[in-house]
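# Whatever this is, show me its structure:
(2 chains)
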There are 2 protein chains.
Amino acid sequence: MTVTIIGTGLIGSSLAHRLRETGFANRLIGVDTDTAHLQKAIELGWIDEAMPLAAAVTLSQLVIVAIPVDATLRLLPELMNRAGQAVIMDVGSTKKMICRALEDHPRRGRFVATHPMWGTEKEGPEAVVRDAFKNRVAVICESERSDPDALQLVRQLYKTIGMSLVDMEADIHDRHAAYVSHISHVASYALSLTVLEKEKEEDAIFELASGGFESTVRLAKSNPAMWVPIFRQNRENVLDVLNEHISQLQKFKDSLEQGDFDQLTRLISDANKIKRILK
Amino acid sequence: MTVTIIGTGLIGSSLAHRLRETGFANRLIGVDTDTAHLQKAIELGWIDEAMPLAAAVTLSQLVIVAIPVDATLRLLPELMNRAGQAVIMDVGSTKKMICRALEDHPRRGRFVATHPMWGTEKEGPEAVVRDAFKNRVAVICESERSDPDALQLVRQLYKTIGMSLVDMEADIHDRHAAYVSHISHVASYALSLTVLEKEKEEDAIFELASGGFESTVRLAKSNPAMWVPIFRQNRENVLDVLNEHISQLQKFKDSLEQGDFDQLTRLISDANKIKRILK
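Numbers count the residues shown, from 1 in each chain, chains lettered A, B, ... in the order given. The predicted structure is shown next:
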């Protein structure tokens, strides 16, 4: 199958790599306004060739949109107008605004709204991870609006690269994405700013930073061009969970200020319950 | 050399493993009130034998205290009274209260106050990591109060297991430990509580949790028996950095509430500067 990947960053390139490796695709065409990414993706063998959007789409049975969610929202209606019978899927971290923007599109059936729950803080085709996506969950939203053949192709794609599938309404997806992904990024960005602020006169001290710090601050390396549009499209849910997070931190602060170490012990024991869920 | 390890949890057992592996110790004696840990540490080969404290100490040239910092504070003065010429070192995450408690002890010179900056969220002898400590930093505090031979032995130990050494005043250590370690734990505990609160009626949704969430919440599995005493002994510094962290989160909240995405972009770009420091 010929597949076009629009956006040859981390997600697009990692998908391209897995689709070739599994034999799902035999020809991979890259489209990107970032010519450095495109060139690198060819060099590394993730895609076979670069092409302008219009030419690539007419050659492809499947078009994967793997660009920031604001650009996705702008591109999709136009792209669907010119994609003929090709199946189009996106892989963005927000789903409600995209599904809403397309709900009355005459070719809505050719589109499948998805979110494979995998990523790293790195970017670009050089950051490809070889077993990307494996054993993770891919969410498909509003599958009843997709044509059965389009849905089947996309489900097959995700199964082929080792993902489990979950069907979900777009607004429910966005709410849970705020809880299990977006808030982690906000917390990590804020932690980075906190420590940079505190340590600004003493760079050398970072040599003390242990593995715990690194894992907590890792996400703070993530690029604003990807994340600001996500926060913008999922603003209400992110604000809701951020308010909760600030109020939880306030409880730690109150316990410390009052020297209430029994309360602090209870808070930590409750937080430990995450072990039941994440191994 | 015969070495006694008081506390056969993650840190004590990982140290025992590395000291044997490098040939630094040829006899390792474990002391622990937790008999399950002690038994397991023998079974896994981290220590050779278990012994009561008094007997172990008289046989050893080096005694390593690897128990929670509140227990360390209670144990050390008494331990130093009966340890003869043995060198005693602790490995606790706070240094000021311990150094202060011992500053006038008649045998202060036999003690070396240290903090090897390594750990995981797991506990017990089964959680031993084989290349633990390697390429991390070990802090030694108030080294001028230790006898030269005691200091040299401890420095040699850390170099042998692959650590770099940093000398630091105890209060400076505690301040930086709050920044690069303790606040990450508070943030992670609070994030765990946030998400558990938000998802409490929908456990299944955790299958969505991606790698980013896991790494940010990993530290929230850490045990209160270890962490409450750390927060208690380092309360002022932790509160100081926690206030800063809450005010940074507030900036994200304000940007989102006001829909000021330029400000949000600036915050994230500033947070990205952590890349210059952590690879």
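
# Quick check, central residue of chain A?
Residue closest to the average C-alpha location in chain A (C-alpha atoms, centre = their mean): A:S93, at 4.4 Å.

# Please, where are all the helices along the stretch 51-200 of chain A?
Taking DSSP state H, counting those that start in this stretch, the helices of the stretch 51-200 of chain A run over residues A:53-59, A:69-81, A:96-102, A:148-160, A:170-177, A:183-198.

# Generate JSON lines for these, with distance to chain B and mean pLDDT as supplementary columns.
Any C-beta I mention is one placed from the backbone N, CA and C, and that applies to glycine too. As requested, the helices of the stretch 51-200 of chain A are arranged in JSON lines below (distance: least, C-beta to the nearest C-beta, whole Å; pLDDT from 0 to 100):
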{"stretch": "helix A:53-59", "distance to chain B": "27", "mean pLDDT": "96"}
{"stretch": "helix A:69-81", "distance to chain B": "10", "mean pLDDT": "96"}
{"stretch": "helix A:96-102", "distance to chain B": "14", "mean pLDDT": "97"}
{"stretch": "helix A:148-160", "distance to chain B": "14", "mean pLDDT": "98"}
{"stretch": "helix A:170-177", "distance to chain B": "5", "mean pLDDT": "94"}
{"stretch": "helix A:183-198", "distance to chain B": "4", "mean pLDDT": "92"}
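
# ok, now which ones touch A:Q248?
The contact partners of A:Q248, taken as C-beta atoms under 8 Å, 6 or more residues apart in numbering or on different chains, are B:190-191, B:193-194, B:197.

# when you check chain A, which of those turn up near it?
With C-beta under 8 Å from any C-beta of the partner chain as the criterion, the members of those in contact with chain A are B:190-191, B:193-194, B:197.

# would TSV of these with neighbour count be doable?
Listed next are the ones next to chain A among the contacts of A:Q248 as TSV, based on neighbours: other C-beta atoms under 10 Å in any protein chain shown:
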residue	neighbour count
B:A190	28
B:L191	29
B:L193	24
B:T194	25
B:E197	15
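
# As TSV, these with distance to A:K253 would be great.
Supplementary listing: the ones next to chain A among the contacts of A:Q248 in TSV, determined by distance: C-beta to C-beta, whole Å:
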residue	distance to A:K253
B:A190	10
B:L191	15
B:L193	13
B:T194	14
B:E197	17
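
# most tightly surrounded among the helices of the stretch 51-200 of chain A?
helix A:183-198 (a mean of 26; mean count of other C-beta atoms under 10 Å in any protein chain shown).

# Who are the packing partners of that helix?
helix A:211-217, helix A:235-257, helix B:183-198, helix B:211-217, helix B:235-257, helix B:261-272 (3 or more C-beta pairs under 8 Å, 6 or more residues apart in numbering or on different chains; DSSP states H and E).

# For the first one, buried residues please.
Meaning helix A:211-217. Residues of helix A:211-217 classed as buried under the neighbour-count rule (16 or more other C-beta atoms under 10 Å in any protein chain shown) are A:211-213, A:215-217.

# do the same with the last one
Neighbour counts over helix B:261-272 (16+ other C-beta under 10 Å) mark B:261, B:264-265, B:267-268, B:270-272 as buried.

# now the fifth one
Taking 16+ other C-beta under 10 Å as the basis for neighbour counts, the residues of helix B:235-257 that come out buried are B:235, B:237-242, B:244-246, B:248-249, B:251-253, B:255-256.

# What is the least confident helix or strand in chain A?
Across the helices and strands of chain A, mean confidence by mean pLDDT, DSSP states H and E is lowest for helix A:211-217: a mean of 81.

# Residues contacting it, please?
Taking contacts as C-beta under 8 Å, 6+ apart, the residues outside helix A:211-217 that touch it are A:188, A:191-192, A:195, B:118-121, B:136, B:180-181, B:184-185, B:187-188, B:215-216, B:218-219, B:274, B:278.

# Which SSE is immediately downstream of it?
For helix A:211-217, the succeeding helix or strand toward the C-terminus, using DSSP states H and E, is helix A:224-233.

# what distance separates that following helix from the centre of its chain?
For helix A:224-233, the gap between its own C-alpha mean and the chain's C-alpha mean amounts to 11 Å (C-alpha atoms, centre = their mean, to the nearest Å).

# That helix relative to helix B:235-257, how many degrees between them?
Between the axes of helix A:224-233 and helix B:235-257, defined by axes from the mean of the first three to the mean of the last three C-alpha atoms, to 10 degrees, the angle is 70 degrees.

# Show me what helix A:224-233 packs onto, helices and strands only.
Contacting helix A:224-233 under the criterion 3+ C-beta pairs under 8 Å, 6+ apart are the following elements: helix A:69-81, helix B:261-272.

# looking at the helices and strands packed on helix A:183-198, which is closest to A:D171?
The stretch from the helices and strands packed on helix A:183-198 with the least distance to A:D171 (C-beta to C-beta) is helix A:235-257; that distance is 8.8 Å.
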